[in-house]
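Enquirer: Sequence and predicted structure, then a few things I'm wondering about:
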Amino acid sequence: MLKKKLRWISIGLTALLGVFVVLFIYRSNQNAEIEPIVAVEKDTVAAPTLLFEIPIDSFEVVQSNIQKNEFLANILLPYGIDYVTIDELAKKSKPIFDVRRMAVGKPYTLLLSKDSLRKAQYFIYQIDAVDYIVYDLRDSILIEQRQKEVISKSRVASGIINSSLYQTLQEANANPYLAVKLADIFAWSIDFYRIQKGDWFKVIYEEKFVDNESIGIGKIEAVEFNHFERSFYAFNFEKVGNSEYYDEEANSLRKAFLKSPLKFSRLSSRFTMRRFHPVQKRWKAHLGTDYAAPRGTPIMATSDGVVIKSSYTRGNGKYVKLRHNSVYETQYLHMSKRNVKEGQQVRQGDVIGYVGSTGLATGPHVCYRFWKNGKQVDHLREDFPSAEPIADSLKADFMQLKDSLQLKLNEVQLKMDK
C-alpha cells in the first residue's frame, strides 16, 4: 500500500515539475527580443555601356572623321596595328567593303585597350547613318557589316503655297526633301514647274530616325495636292512586295510618259506653229517644248525605250532620240553631255544626258520633242493611259486602306499663311 502511494506522489511531482518548466520557457519567450527578418539584397550588376552593339566599358573610345589624305594606315599605325595586319585587313574587307572607298568626312570609332599600349581592339567605319563596318582586331581579324536600328514615326504636313513648295515645307517645319518625293509621285499628272500661288497640300508620311536623330523621309502614305483648284490624290498600296501609288479610284499614278524630262524646271517656250526664233531672228514653227534649267541638270527618259540616235547637229547640238513603241518617239536637244549610246535600252526616269546650250540655243535648256504615229505633237495636250490598275482581287483591300487614309487626310488641318 505504501509503495502504491509513493508511486502516485512521484508521478505528481514529475507532472508539477513539467508545468514549472513549461511556464519558465513561456516567460522567457515573452521577454526575449524578436529578431526582425531582413531581406538580403543580391548585388545588382550594372548593364554594360554599348556602342555599335559592343560593350565599351573596358575600352578607351576615340572618335573622329576621315580627313583629307587620310587612309587606313594613317589611322591604325599610331595605335599598334602594323602594316602587315593593315594589308591583311584591307584584303579581307574587300568582299564586304573596299577600304579605298572611305570618304572624307565620314565618322569612325576606335576602341583601344586601357593600358599604356593603347592598342586598337576595334575599328568601326560608318558608311552612312544606318550602315557601318566593324573590324575586330583582337585575335584574328573579323569583319562584319551591321546596321543601326531605324525607327519610323508617322508625320503629317500641310500648307498653302505662297512662293514655292520647298519654302512652304520649310515654313511648315517639315523636311523639304518631301518636295522631291511629291514631284516623283505626281510626275505623271502635275506640272511642278507650274505650281501657282494658292495651291495647297496635305501629306501623311513616315520619317526615319536613328539614335533619335532624323535621317530622312520614308514612305509617303497618302497625299492630297490641290493644283489649279483640283485635288489630286495619291495612296500608297503594297502588293506582292511592290509598292505603287494609286488615285482614289484605284488607278495607277504611273502614266505611260512623264510630264517633263526634268524634275524641276521652268517652261520657257511651248509647242507652237509660229514662234520668233531667238537665234535665227525669224518666225518659224517650234515643234517642241523648252524647259529652262541650270547647266548640268539631269535629263530623264520620259518612258521606257531604245536609243535610236545619240548624236550632234549644228541646230540640235548634242541630242538623244528614243523609240518607245510603234506609236511614240521622243527627242531631247541642246545637251551639254549625252549619257547613252545608240541601241541602248533605257527605263523611264533613267538619266540620258544633261542640260546644256549646244546647237542653236541662247541659254541652258532642253527642247523636248514628241512624235505620235510619225507626227510631231504637243505632248502637254496628250492624254496618256495609266499603267496597269489594281487587280480585282486586291481592289477591296485597297479601297479599305484608301478610306482610312482619306479620313486621316480630312483630319489634317491646313496650315494657313502666317
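Expert: Looks like it came in fine.
Enquirer: Mind naming the longest strand for this protein?
Expert: strand 213-227 (DSSP state E).
Enquirer: Please identify the pairing partners of the next helix-or-strand element following that strand and their relative orientation?
Expert: Downstream of strand 213-227, the first helix or strand assigned by DSSP states H and E is strand 230-239. If you go by DSSP bridges, strand 230-239 pairs up with strand 213-227 (antiparallel), strand 242-246 (antiparallel).
Enquirer: Buried residues in the shortest one, which are they?
Expert: Burial within strand 242-246, assessed by neighbour count using 16 or more other Cβ atoms under 10 Å, is assigned to Glu244, Tyr245, Tyr246. The way it works is simple: take the backbone N, C-alpha and C, and place the C-beta from them, glycine included.
Enquirer: mind listing what the residue nearest to Glu206 when sequence neighbours are not counted touches?
Expert: Spatial nearest neighbour of Glu206, excluding adjacent residues (Cβ to Cβ, 6 or more residues apart in numbering): Gly218 at 3.5 Å. Taking Cβ atoms under 8 Å, 6 or more residues apart in numbering, we find Gly218 in contact with Ser152, Tyr205, Glu206, Glu207, Lys208.
Enquirer: Just the buried ones from these, in PyMOL syntax?
Expert: Burial among the contacts of Gly218 is assessed by 16+ other Cβ under 10 Å; the matching PyMOL selection reads:
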select buried, resi 205+206+207+208
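Enquirer: sorry, back to before: for the buried residues of strand 242-246, could you give me CSV that also reports pLDDT and distance to Asp350?
Expert: Listed next are these as CSV, based on pLDDT from 0 to 100; distance: Cβ to Cβ, whole Å:
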residue, pLDDT, distance to Asp350
Glu244, 88, 19
Tyr245, 93, 20
Tyr246, 94, 24
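Enquirer: Report the residue spans of the stretch 1-150 of the chain with pLDDT below the cut-off.
Expert: For the stretch 1-150 of the chain, the stretches with pLDDT under 70 are 1-45.
Enquirer: ranges for the strands of it?
Expert: With strands called from DSSP state E, counting those that start in this stretch, the stretch 1-150 of the chain shows them at 50-51, 54-55, 59-65, 107-113, 120-126, 131-136, 142-147.
Enquirer: Please identify the most buried of those strands.
Expert: Counting by mean count of other Cβ atoms under 10 Å, strand 120-126 has the highest mean neighbour count of those, with a mean of 21.
Enquirer: what are the ranges of the helices in the protein?
Expert: 2-31, 72-76, 83-93, 165-171, 178-185, 392-411 (DSSP state H).
Enquirer: hmm, who's touching the shortest one?
Expert: It refers to helix 72-76. Helix 72-76 has contacts (Cβ under 8 Å, 6+ apart) with Tyr83, Thr85, Ile86, Leu89, Ala90, Val99, Met102, Tyr108, Leu110, Ala120, Phe123.
Enquirer: mind checking how far the last one is from Ser243?
Expert: Plainly put, Phe123 is 37 Å away from Ser243 if you go by Cβ to Cβ, to the nearest Å.
Enquirer: same check, this time on the third one
Expert: For Ile86, the distance to Ser243 under the criterion Cβ to Cβ works out to 43 Å.
Enquirer: Now do the domain split for the protein, please.
Expert: Domain ranges of the chain: 50-147, 150-255+386-418, 266-381, per automatic domain parsing.
Enquirer: ok, how many other residues are close to the closest residue to Gln413 other than its chain neighbours?
Expert: Closest residue to Gln413 apart from its sequence neighbours, by Cβ to Cβ, 6+ apart: Ser158 at 6.7 Å. Around Ser158 there are 20 other residues, counting by other Cβ atoms under 10 Å.
Enquirer: my guess is Arg227 contacts Asp199, does it?
Expert: To be clear, residue 227 is His; Arg isn't right here. Yes. Between His227 and Asp199 there is a contact under Cβ atoms under 8 Å: 5.1 Å.
Enquirer: re earlier: can you tell me which of the contacts of helix 72-76 lies closest to Glu53?
Expert: Among the contacts of helix 72-76, Phe123 lies closest to Glu53 (Cβ to Cβ), at 14.8 Å.
Enquirer: List the contacts of the nearest residue to that closest one once chain neighbours are set aside.
Expert: Leaving out its chain neighbours, the residue that sits closest to Phe123 by Cβ to Cβ, 6+ apart is Tyr135, at 4.2 Å. Each residue near Tyr135 by Cβ under 8 Å, 6+ apart is listed here: Leu89, Ser93, Tyr122, Phe123, Ile124, Tyr125, Ile141, Leu142, Ile143.
Enquirer: okay, those residues in TSV with distance to Gly353 next?
Expert: TSV is the format used below for these (distance: Cβ to Cβ, whole Å):
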residue	distance to Gly353
Leu89	41
Ser93	36
Tyr122	46
Phe123	42
Ile124	40
Tyr125	35
Ile141	45
Leu142	46
Ile143	40
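Enquirer: Give me the contacts around stretch 372-381.
Expert: With Cβ under 8 Å, 6+ apart as the contact definition, stretch 372-381 has outside contacts at 191, 257, 259, 270-271, 287-289, 327-328, 330, 368-371, 382.
Enquirer: Narrow the residues you listed to just the buried residues.
Expert: Judged by 16+ other Cβ under 10 Å, buried ones among the contacts of stretch 372-381: Phe257, Lys259, Phe271, Leu287, Gly288, Thr289, Tyr328, Thr330, Tyr368, Arg369, Phe370, Trp371.
Enquirer: which stretches of the stretch 201-350 of the chain form strands?
Expert: According to DSSP E, counting those that start in this stretch, the strands that the stretch 201-350 of the chain contains are 213-227, 230-239, 242-246, 266-269, 272-276, 283-286, 289-292, 298-300, 305-313, 317-323, 328-338, 345-346.
Enquirer: Kindly reformat those strands as JSON lines containing distance to Tyr79.
Expert: Listed next are the strands of the stretch 201-350 of the chain as JSON lines, based on distance: least, Cβ to Cβ, whole Å:
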{"stretch": "strand 213-227", "distance to Tyr79": "28"}
{"stretch": "strand 230-239", "distance to Tyr79": "47"}
{"stretch": "strand 242-246", "distance to Tyr79": "45"}
{"stretch": "strand 266-269", "distance to Tyr79": "54"}
{"stretch": "strand 272-276", "distance to Tyr79": "68"}
{"stretch": "strand 283-286", "distance to Tyr79": "66"}
{"stretch": "strand 289-292", "distance to Tyr79": "54"}
{"stretch": "strand 298-300", "distance to Tyr79": "43"}
{"stretch": "strand 305-313", "distance to Tyr79": "52"}
{"stretch": "strand 317-323", "distance to Tyr79": "52"}
{"stretch": "strand 328-338", "distance to Tyr79": "45"}
{"stretch": "strand 345-346", "distance to Tyr79": "49"}
